[in-house]
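In: okay, here's the prediction I keep looking at, along with the sequence it came from:
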2 protein chains.
Amino acid sequence: MDQNPIPLPKEYPVPHDFHSNLRKRFLDFFKQQLGEQAKNSIVFLKGAVTIDKHDDDQQYRVEQESNFKYIFGCDLLDCYGILEVESGKVTVFVPKYPESYKMWMVVYSNEEIKEKYRLDDVQYVDQLESWIEKRAPSKLFIYKGQDSDSKLISSYPDFPYLSKYQVDEEELYWTLNECRVKKTDQEIEILRYVALLASESHENVMRKIRVGNKEYQMEALFKYHNFVYSGCRFTPYECICASGTGGATLHYIENDKTIEDKQLILADMGARYYGYNSDITVTFPSNGKFDEKQSIIYNAVLDAQRQVFASLKVGVNWGDMHFLAERIITQHLLDAGLLVGTIEELMQNRIGKIFFCHGLGHLLGMRTHDVGGYNKGCPPRIPELQSLRFRRDLEVGMVFSNEPGIYFVDFIIQEAFKDETKARFLNQEKISEFMYVGGVRLEDDIALTANGAEILNLVPRSIAQVEACMRGEDWKLIQ
Amino acid sequence: MDQNPIPLPKEYPVPHDFHSNLRKRFLDFFKQQLGEQAKNSIVFLKGAVTIDKHDDDQQYRVEQESNFKYIFGCDLLDCYGILEVESGKVTVFVPKYPESYKMWMVVYSNEEIKEKYRLDDVQYVDQLESWIEKRAPSKLFIYKGQDSDSKLISSYPDFPYLSKYQVDEEELYWTLNECRVKKTDQEIEILRYVALLASESHENVMRKIRVGNKEYQMEALFKYHNFVYSGCRFTPYECICASGTGGATLHYIENDKTIEDKQLILADMGARYYGYNSDITVTFPSNGKFDEKQSIIYNAVLDAQRQVFASLKVGVNWGDMHFLAERIITQHLLDAGLLVGTIEELMQNRIGKIFFCHGLGHLLGMRTHDVGGYNKGCPPRIPELQSLRFRRDLEVGMVFSNEPGIYFVDFIIQEAFKDETKARFLNQEKISEFMYVGGVRLEDDIALTANGAEILNLVPRSIAQVEACMRGEDWKLIQ
């Protein structure tokens, strides 16, 4: 065991006015939508609740629900929060614990909570009904809607006594989502920090993991690096550490295999800080050197990613970007002899979709697949782009992933071989030779600011960079 | 960034007959209790279910429910399992996923599941009703009962069609718990492995963490060590990494403070492997050297822990052990001048309880606070030992924690100062001088085997050992 001390962490200092700025911007937009309705109304949100582990006296370590965090900044569980629309005043209602709990857990006083989270007022949950009664709002706005990805309905306050009031379940959902789609500069600062943190963690994994290691050791190393250097206890999503053909399962989270020689490793892992996420994927060879077929597939994906990035600007439609990526990938597969036909035929028959089988990217923020992708008034989901999580025209403040990929998914390819409308475009023998490649995904986090598109992460991308990094060299000096 | 490769992990090879042995032992006991009732009956268990993260398309990483794991060994979620009492045959019912899921996640075939978990049969959940109908059991035994610690009721199968059958909700709960209380040698092997793993992780933290570090860096380091060397992704409970007065909150899990000079650090952290837990607490000085007051408190707790251990044997009552520990702690506090009076007066008035405010220890196994503490036929919970999680006579196969502690809990001590029946035994001035010590807890994991009591963990315990470890020396050579 070595005796080296642990370096001190470098936490990002979130500005004190972070949430008051978010609230101000939201209320400006909300009031603009509401007009007269805003008068004397309140926004009423429910925070994350405690989840028991089975019948054990243990609970899951739950993080705050993202809207609650966004508006109130408060991390405590089992709370409700009220934002008064006209004044912008925020009151959080917290559970009241018996005095004896103080022996077991840290119990903050309401005064401490108010100060810590810079709230206007803190009350107990059991005072909620009488508080609202006294306040007599003209309207209560509830965040209730079906998520376009999960199809789940968010949890909302549903006390019986609310029937005494006018409750609006329409306006808040889309307006709050719309604000969350367009990040403030302060939000982008955190997203940049968390993308760079995850980049370092990825680089550390790439330098150390070799043939013979277990996939989960990548996850262990990555999480450790985030946690020890920046206090990031959580990851935004389960780490995907896939070796060999595991890379062909898009959300492979088993991470239980031993890494073998001549495999590609697909590592899709992000960091999470103050509720904001990064989502970054790298792909690298287990033995430090890409073979010829791995290089062909890798460079096809990289080319798609780079050409998409070069095309990004305000007004560009993200659905068009998906088709651009698909075209580039298809062209590479055609050039390499895996496909047969003309590029136009291949695009028309969506042959590239057999290999690039998911959407090009998703909005990113307090959720990995962030809200608002198919918000009110935006281009709807279309059958041709069923897996694309948003199809909006790009606007300043949007943060999203750019993640083309090529996968050799056995059951999809076998089905395509059997489908005569597709089989005639496929070189079966050649494709079979590539199956061992598994999957390549390259995922960047992009922010579209007034200055243009910016890649928030910094990881080795070109084959020369990846191989240099794995040799322990300074890959940043290389193209 | 260093380029050192990550060492290969050393996973413990769980024997192939592990669960069949557990089942055989359980069925022998169960049939003995049931007599004629056993005939043609089945045990019907529900496994852990998927938990969504809010309305996000993400789920928590849930582990299998412990009874389900114990009987079936199967880690998959959203399953049901049936154990046929007479034949011992096991069938697990798994969810059926649409074909398209295979693109996103690893979907095992029923044949693969059967082989992986050595089950007799695997069916889909939607076949459950007709399977039971065809099987026509005389009785279904359901695991349903209120946990003596959490007061929660375990989740159980509650399909409407079960009303057609004779359902018994009594026998399974206490019999299965009783088997789980007495560990097999194979179970103790895993518990030994996971205690030694956590011991190494603790030692690593102790060697590296110093003044200026954040508390969460201990958690990061501990989790990393478990995960990277043994594949332990989960911890049995939230890591408690308390510096200074944080140690006086028993389940302090904030871990967000900076470690300061001259503080004691209380680290209560365990590892979890194959569903089995360790639960180990060490206490050490932030700057590597105990001061005088810290030493007095530390040695009081250590003396209690050692004397309890020396007294452990079959037939000893755990409640008596609690009182033994309390007596030793009280005597030390008396000797050090914090208390006033005779030891008998102090014990009679439970003055030690002001400082040693929790139970001496709990059963340990697939749950950190394991089942069966107050099982049918066992000594009940008594008001004098309200916080003690079991009060049984010790038997071969029991595994439990031995964790005396002394805490300077501000609100408890202030209350005692105000209570005249207690205040007269307290030297207020002297106690005030000790408040900064925070808390000392020393927690060992004990197995009572046919060979006697064994401490499963191996961590520095004496002051000389702790200080040697922190200097980087081989503390195992020191008393």
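Out: Nice, I can see it. Everything numeric here is computed off the predicted structure, so don't read it as measured data.
In: only C-alpha atoms from now on, for both contacts and neighbour counts.
Out: Fine.
In: from residue A:355, how far off is the residue in the stretch 301-450 of chain A that chain B sits nearest to?
Out: Nearest to chain B, among the residues of the stretch 301-450 of chain A, is residue A:409, at 6.9 Å (CA to the nearest CA). Shown here: residue A:409 relative to residue A:355, a distance of 7 Å by CA to CA, to the nearest Å.
In: got it, and residue A:74?
Out: Distance, residue A:74 to residue A:355, by CA to CA: 43 Å.
In: can you give the domain ranges for chain A?
Out: Split into domains by automatic domain parsing, chain A comes to A:18-181, A:185-477.
In: out of those domains, which comes closest to residue B:153?
Out: Comparison of these against residue B:153 by CA to CA identifies domain A:18-181 as nearest, at 5.8 Å.
In: just the terminal-to-terminal distance for the closest one.
Out: With CA to CA as the measure, the ends of domain A:18-181 fall 16 Å from one another.
In: can you tell if that domain touches chain B?
Out: Yes - counting by CA under 8 Å from any CA of the partner chain, chain B is contacted by domain A:18-181 at A:48, A:54-58, A:61, A:65, A:102-106, A:146-147, A:149-155.
In: pLDDT score for the residue of chain A most remote from its centre?
Out: Note on chain A: the largest separation between a C-alpha and the mean C-alpha position, by CA atoms, centre = their mean, falls on residue A:134 (40.2 Å). Looking at residue A:134, its pLDDT reads 98.
In: also residue A:99?
Out: Among the per-residue scores, residue A:99 holds a pLDDT of 88.
In: and what of residue A:394?
Out: Residue A:394 is assigned a pLDDT of 98 by the prediction.
In: and for residue A:3?
Out: Note on residue A:3: pLDDT of 64.
In: just residue A:430 next, same as before
Out: At residue A:430, the model reports a pLDDT of 98.
In: for it, the count of nearby residues, please.
Out: Using other CA atoms under 10 Å in any protein chain shown, residue A:430 is surrounded by 13 other residues.
In: could you say which helix or strand holds it?
Out: With elements delineated by DSSP states H and E, residue A:430 resides in helix A:428-434, which encompasses its position.
In: give me the distance from that helix to the chain's centre.
Out: 34 Å (CA atoms, centre = their mean, to the nearest Å).
In: contacts for it?
Out: For helix A:428-434, contacts defined as CA atoms under 8 Å, 6 or more residues apart in numbering or on different chains pick out A:293, A:337, A:338, A:408, A:417.
In: which ChimeraX command selects the buried ones in the residues you listed?
Out: Provided next is the ChimeraX selection string for whichever of the contacts of helix A:428-434 are buried by 16 or more other CA atoms under 10 Å in any protein chain shown:
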select /A:338,408,417
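In: dump the residue contacts of residue A:393.
Out: Contacts for residue A:393 (CA under 8 Å, 6+ apart) come out as A:314, A:315, A:316, A:317, A:318.
In: and what of residue A:458?
Out: A:195, A:196, A:199, A:200 are the contacts of residue A:458 under CA under 8 Å, 6+ apart.
In: count residues in the vicinity of the first one, would you?
Out: When counting by other CA under 10 Å, one arrives at 29 neighbours for residue A:195.
In: element containing it?
Out: Take DSSP H and E as the rule and residue A:195 turns out to sit in helix A:185-208.
In: need the pLDDT of the residue nearest to residue A:233 when sequence neighbours are not counted.
Out: Here the nearest residue to residue A:233 in space, its sequence neighbours aside, is residue A:227; by CA to CA, 6 or more residues apart in numbering or on different chains that works out to 5.3 Å. Note for residue A:227: predicted pLDDT of 97.
In: helix or strand: which one has residue A:227?
Out: With DSSP H and E as the criterion, residue A:227 is inside helix A:215-230.
In: what's the angle from that helix to helix B:215-230?
Out: 170 degrees (axes from the mean of the first three to the mean of the last three CA atoms, to 10 degrees).
In: only the buried residues of helix A:215-230, if you could.
Out: Judged by neighbour count (16+ other CA under 10 Å), helix A:215-230 contains these buried residues: A:215-230.
In: equivalent analysis for stretch A:348-367, please.
Out: Residues A:350-367 are the ones in stretch A:348-367 that count as buried (16+ other CA under 10 Å).
In: from those residues, which land in strands?
Out: With strands defined by DSSP state E, no entry of those lies inside them.
In: where along the stretch 1-150 of chain A do the helices fall?
Out: Per DSSP state H, counting those that start in this stretch, the stretch 1-150 of chain A has helices spanning A:18-34, A:66-72, A:110-116, A:128-135. These are given in chain order.
In: for those helices, give me a markdown table that also has distance to residue A:4.
Out: Supplementary listing: the helices of the stretch 1-150 of chain A in a markdown table, determined by distance: least, CA to CA, whole Å:
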| stretch | distance to residue A:4 |
| --- | --- |
| helix A:18-34 | 37 |
| helix A:66-72 | 37 |
| helix A:110-116 | 34 |
| helix A:128-135 | 52 |
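In: the ones you listed: which one's closest to residue B:303?
Out: Set against residue B:303 and scored by CA to CA, those come closest in helix A:110-116, at 38.7 Å.
In: I'd like to know which elements the closest one is packed against.
Out: Of the remaining helices and strands, those touching helix A:110-116 by 3 or more CA pairs under 8 Å, 6 or more residues apart in numbering or on different chains; DSSP states H and E are strand A:121-124.
In: chain B contacts on the stretch 151-300 of chain A?
Out: With CA under 8 Å from any CA as the criterion, the stretch 151-300 of chain A comes near chain B at residues A:151-155, A:204, A:207-210, A:212-214, A:216-217, A:220-221, A:223-224, A:227-229, A:231, A:233, A:237-238, A:248-254.
In: buried ones from those, can you make that a ChimeraX selection?
Out: Once 16+ other CA under 10 Å is used to decide burial, the buried members of those can be selected in ChimeraX as follows:
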select /A:154,155,204,207,208,209,210,212,213,214,216,217,220,221,223,224,227,228,229,231,233,237,238,248,249,250,251,252,253,254
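In: restricted to helices, list the buried residues of stretch A:348-367.
Out: Counted as lying in helices by DSSP state H, out of the buried residues of stretch A:348-367, is not a single one.
In: quickly list what residue A:59 is bridged to.
Out: Counting by DSSP bridges, residue A:59 is bridged to residue A:52.
In: which stretches of the stretch 251-400 of chain A have low pLDDT?
Out: Filtered on pLDDT under 70, the stretch 251-400 of chain A yields no residues whatsoever.
In: give me every residue that touches the closest residue to chain B within it.
Out: Minimum separation of the stretch 251-400 of chain A from chain B (CA to the nearest CA) falls at residue A:251, amounting to 5.1 Å. Contact criterion CA under 8 Å, 6+ apart gives A:240, B:104, B:105 as the residues in contact with residue A:251.
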